[in-house]
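Asks: next one to model:
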Amino acid sequence: MKLHDLIPNEGSKKNKKRVGRGISAGQGKTAGRGTKGAGARSGEEGHLYRQGGNLPFFRRLPFIRGEGFTPPFQVTFNEVNLDQLSAFVAGAEVSPEALTGVRLLRDPRNPVAILGRGEVTVALKVRAHRVSAGARSKIEAAGGSVEIIEG
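Replies: Numbering: from 1, shown residues only. This next block holds a predicted model:
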């Protein structure tokens, strides 16, 4: 077999439909667009500002956005409550890495906040980016310690 012997498989190649090339081609005159109306015209999609009586897209945008705006630099915390720390044994270090290991963090890239729902029965060494006052008092009452991570 040589290069000039190669041909594509039967039915794998199809000629492009040439519309508007006369009646014998089968797609002459209106070229498959029907007669009259916006669909028959060129650029039928129209513009974003023309929506047939509806409020145009660009004028709707301020209403869609809602009140005010979303702060671009807001921080989303992984919130972990004290009742979720029951998986840790006495003396264990509760850090973002340890919480990731037991799959308690929604997104490990975000900082961790410890909240005060529930009780702590064992002494834990807690390292987190933020700890609520109630959670801190419960951890320290159980004999544990709290360390705040910077950044």
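
Asks: leaving out sequence neighbours, find the closest residue to residue 81.
Replies: residue 117 (4.0 Å; Cβ to Cβ, 6 or more residues apart in numbering). Bear in mind the C-beta positions are built from the backbone N, C-alpha and C, glycine included.

Asks: make that residue 121, sorry
Replies: The shortest distance from residue 121 to any non-neighbouring residue, by Cβ to Cβ, 6+ apart, is to residue 142 (6.4 Å).

Asks: which phi and psi values does that neighbour adopt?
Replies: phi -80, psi 0 (degrees, to the nearest 10).

Asks: and it, how many neighbours?
Replies: Residues near residue 142, counting by other Cβ atoms under 10 Å, number 15.

Asks: ok, it to residue 27 distance?
Replies: 81 Å (Cβ to Cβ, to the nearest Å).

Asks: show me where this structure has helices.
Replies: For the chain, the helices defined by DSSP state H occupy 57-65, 96-101, 133-141.

Asks: give me the neighbour count for residue 79.
Replies: By other Cβ under 10 Å, 17 other residues sit near residue 79.

Asks: whoops, residue 101 was the one
Replies: Look at residue 101: counted by other Cβ under 10 Å, it has 11 neighbours.

Asks: again with residue 125
Replies: The burial count for residue 125: 16, using other Cβ under 10 Å.

Asks: try residue 99
Replies: Neighbours of residue 99 under the rule other Cβ under 10 Å: 22.

Asks: next, name the residue at the spatial heart of the protein.
Replies: Per Cα atoms, centre = their mean, the C-alpha nearest to the average position across the chain is that of residue 107, at 12.4 Å.

Asks: who's in contact with that one?
Replies: Neighbouring residues of residue 107 by Cβ atoms under 8 Å, 6 or more residues apart in numbering: 76, 78.

Asks: quick one: it and residue 27, what's the gap?
Replies: 54 Å.

Asks: surely residue 119 is in contact with residue 138?
Replies: Yes - counting by Cβ atoms under 8 Å, residue 119 touches residue 138, with 6.5 Å between them.

Asks: residues shared between the contacts of those two?
Replies: With Cβ under 8 Å, 6+ apart, residue 119 and residue 138 have common neighbours residue 82.

Asks: how about the strands in this structure?
Replies: Under the criterion DSSP state E, strands of the chain are mapped to 78-81, 93-94, 112-115, 125-128, 130-131, 145-148.
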